[in-house]
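Undergrad: I need the structure of the sequence given here:
(2 chains)
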Amino acid sequence: MDWFPLLLSLRVAGLATVMAAVLGVAGAYLLAKGRFPGRGLLEAVASLPIVLPPTVLGYYLLVTLGARSPLGRAWESIFGGPIVFTVTGAVIAATVSALPFCLRTARAAIEQVDPRVEAAARTMGLPEWRVALQVTLPLARRGVIAGIALGFARALGDFGATVMVAGNIPGRTQTMPVAVYDAVQAGDDARAGILALVLAVVAVAVLLLVNRFSRVGV
Amino acid sequence: MSVEVDVTVTAGEFALIAAFALDDDQGPITALFGPSGSGKSLTLALIAGLLRPATGTVRVGGRLVADATTGLHVRTQDRRVGMVFQEALLLPHRTALQNVALAVRDGDRAERAREELERVGAATLADQHPRTLSGGERQRVALARALAGDPQLLLLDEPLSALDQPTRVALRTLLKERITVPTLLVTHDLDEVAALADSVVHYEPGRTLGVVDRATTLTTP
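TA: You can find the predicted model right below:
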């Protein structure tokens, strides 16, 4: 049994979750608290990965990051290689897929925090960044953690966007969901069954974690 | 500490016109007294900078902290006010001691926080979380927290009105003993005015009537 796809998936999903968590929580805070021009647009763009078919999302990422795009060219001149068809590409695809789950769940949790407690913290002299880090986010932590867990599940399970951006190169960019597809195509039912089971177990574990965190109060 | 308020706030159908000035020579506690909904708490929120006035200005200690015409709005954090709310609004994820320590501006924060808790008779509650405290205990901690930041002005927004009668009486005594900094106390309780206030600002719905001394209030309820 070749466990490369599982290890790669865990690595890709792990990195993607860290990036999606940082960007998602920061974005959630901005959208929940900020009043600035372009807020509605930012919100819509951040939610696009939920509504776009994954292959369409992957297509646009490919167009944005490909060798002929400005971003792709800049990347290549700095790092000496392309983004597409690499693990980096897979991480970016998974990050973008996971981002709205982190962002929307965290945002809802941040908006639930009693603004009077935040006001009380301001009267204590805490500067805004400390109100955010020491009051708002700790009080929203259950929702934030639930969002990160959902983002991880999404990143781990992504097929469409990953295949478009990172391809299906066994031993290099072939993640678990892609490997499941590959095994079915090759008629290797035993391998497909095991890989699918592992993914399913991880997904259910995440669901249990999310439920635990969304049910219990502060 | 002089306080000058001359503001208009509109919030939906509600409009508050508040104009009063308090001088240094009065005792520390000034009550903002009047019926519910007359804008007393709103005045505190304006002074604390939690709201912006629609028109007018707010001065604390001679310093202009809000001016609707120029858009000046000094942040709450920079106004050096301490505030106690009707519900204590302690940070629920921190212990009593941590709540107080977070408000200390410099020096040994934990040490100072312990001293403040001791002064309000809450030293034994230091390691408890707010949810395990009674209403009266929470308000003691909230008072310690408000004083720990060395405020130039203390704002008390109906701090006793959610408490039962014996607790209220006990805390009234505590406030009387502990408060030496200039204080605005919002209340609709005449007993509280009688027990605590050195001067009184009268409110009627949507408008303040100005500063009245304590004797006038108590004889003409």
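Undergrad: Could you identify the helix or strand that succeeds the strand or helix carrying residue B:19?
TA: Per DSSP states H and E, residue B:19 falls inside strand B:14-22. Using DSSP H and E, the helix or strand that follows strand B:14-22 towards the C-terminus is strand B:29-33.
Undergrad: which secondary structure elements does the very next helix or strand once past that following strand contact?
TA: Per DSSP H and E, strand B:29-33 leads on to helix B:40-48 as the next helix or strand towards the C-terminus. Contacting helix B:40-48 under the criterion 3 or more CB pairs under 8 Å, 6 or more residues apart in numbering or on different chains; DSSP states H and E are the following elements: strand B:3-11, strand B:14-22, strand B:29-33, strand B:55-60, strand B:81-84, strand B:153-157, strand B:183-187. In short, each C-beta sits where N, CA and C put it, glycine included.
Undergrad: Just say which of those is most tucked in.
TA: Among those, strand B:81-84 has the highest mean neighbour count (mean count of other CB atoms under 10 Å in any protein chain shown), at a mean of 27.
Undergrad: related to what we said a few turns ago, could you dump the helices and strands packed on helix B:40-48 into CSV with mean pLDDT added?
TA: Below are the helices and strands packed on helix B:40-48 laid out as CSV (pLDDT from 0 to 100):
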stretch, mean pLDDT
strand B:3-11, 67
strand B:14-22, 69
strand B:29-33, 89
strand B:55-60, 83
strand B:81-84, 94
strand B:153-157, 93
strand B:183-187, 93
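Undergrad: would you turn the ones you listed into a markdown table with distance to residue A:106?
TA: Converted to a markdown table, those look like this (distance: least, CB to CB, whole Å):
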| stretch | distance to residue A:106 |
| --- | --- |
| strand B:3-11 | 30 |
| strand B:14-22 | 34 |
| strand B:29-33 | 39 |
| strand B:55-60 | 35 |
| strand B:81-84 | 29 |
| strand B:153-157 | 31 |
| strand B:183-187 | 36 |
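Undergrad: Looking at the ones you listed, which is nearest to residue B:127?
TA: Among the helices and strands packed on helix B:40-48, the nearest to residue B:127 by CB to CB is strand B:81-84 (21.5 Å).
Undergrad: export the helices and strands packed on helix B:40-48 to TSV and tack on distance to chain A?
TA: Listed next are the helices and strands packed on helix B:40-48 as TSV, based on distance: least, CB to the nearest CB, whole Å:
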stretch	distance to chain A
strand B:3-11	15
strand B:14-22	18
strand B:29-33	17
strand B:55-60	13
strand B:81-84	4
strand B:153-157	8
strand B:183-187	13
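Undergrad: And the ones you listed: which comes nearest residue A:14?
TA: Closest of the helices and strands packed on helix B:40-48 to residue A:14 is strand B:81-84, at 43.6 Å (criterion: CB to CB).
Undergrad: Tell me the strands beside that closest one, with direction?
TA: strand B:153-157 (parallel) (DSSP bridges).
Undergrad: after the strand it pairs with comes which helix or strand?
TA: helix B:165-178.
Undergrad: Run through who's touching that following helix.
TA: B:29, B:119-121, B:134-136, B:139-140, B:143, B:147, B:156, B:159-160, B:163, B:185, B:192, B:195-196 (CB atoms under 8 Å, 6 or more residues apart in numbering or on different chains).
Undergrad: which of those residues count as buried?
TA: B:29, B:119-121, B:135-136, B:139-140, B:143, B:147, B:156, B:159-160, B:163, B:185, B:192, B:196 (16 or more other CB atoms under 10 Å in any protein chain shown).
Undergrad: In space, what's closest to residue A:142 - neighbours in sequence excluded?
TA: Leaving aside its sequence neighbours, residue A:142 sits nearest to residue A:213 (CB to CB, 6 or more residues apart in numbering or on different chains; 4.5 Å).
Undergrad: so who does that neighbour touch?
TA: With the criterion set at CB under 8 Å, 6+ apart, residue A:213 makes contact with A:142, A:143, A:145, A:146, A:149.
Undergrad: Need phi/psi at the fourth one.
TA: Summarising the backbone geometry of residue A:146 under the convention degrees, to the nearest 10, its torsions are phi -60, psi -40.
Undergrad: show me the contacts for it.
TA: A:105, A:109, A:209, A:210, A:213, A:214.
Undergrad: Out of the residues you listed, which two are the most distant from each other?
TA: Maximum distance among these (CB to CB): 15.2 Å, for A:109 and A:209.
Undergrad: Looking at those two now, which is surrounded by more residues?
TA: Using other CB atoms under 10 Å in any protein chain shown as the criterion, residue A:109 and residue A:209 rank with residue A:109 on top: 25 against 17.
Undergrad: ok, the more buried one touching residue A:147?
TA: Yes - assessed by CB atoms under 8 Å, residue A:109 is found in contact with residue A:147 at 7.3 Å.
Undergrad: intersection of neighbour lists for the two?
TA: In contact with both residue A:109 and residue A:147: residue A:28, using CB under 8 Å, 6+ apart.
Undergrad: re earlier: can the contacts of residue A:146 go into CSV with extra columns for secondary structure?
TA: Converted to CSV, these look like this (DSSP: H, G, I helix; E, B strand; the rest coil):
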residue, secondary structure
A:105, helix
A:109, helix
A:209, helix
A:210, helix
A:213, helix
A:214, helix
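Undergrad: Just give me the closest of those residues to residue A:36.
TA: Using CB to CB, those come closest to residue A:36 at residue A:109, 21.0 Å.
Undergrad: Quick check: nearest residue in space to the closest one, chain neighbours excluded?
TA: Closest to residue A:109 by CB to CB, 6+ apart is residue A:143, at 2.2 Å.
Undergrad: Next: residue A:96.
TA: residue A:49 (5.5 Å).
Undergrad: before we move on, the earlier item: what pLDDT does the residue nearest to residue A:142 get?
TA: The model reports residue A:213 with a pLDDT of 77.
Undergrad: for residue A:148, same thing?
TA: At residue A:148, pLDDT is 93.
Undergrad: Can you tell me who the residue minimising distance to the centre of chain B pairs with across the strands?
TA: Nearest residue to the geometric centre of chain B (CA atoms, centre = their mean): residue B:155, 1.7 Å. Residue B:155 has these beta-bridge partners by DSSP bridges: residue B:83, residue B:184.
Undergrad: That one against residue B:44, yeah?
TA: Yes - counting by CB under 8 Å, residue B:155 touches residue B:44, with 4.7 Å between them.
Undergrad: Need the overlap of contacts for those two.
TA: B:83, B:184.
Undergrad: Quick check: the gap between the residue nearest to the centre of chain B and residue B:141.
TA: Residue B:155 sits 17 Å away from residue B:141, going by CB to CB, to the nearest Å.
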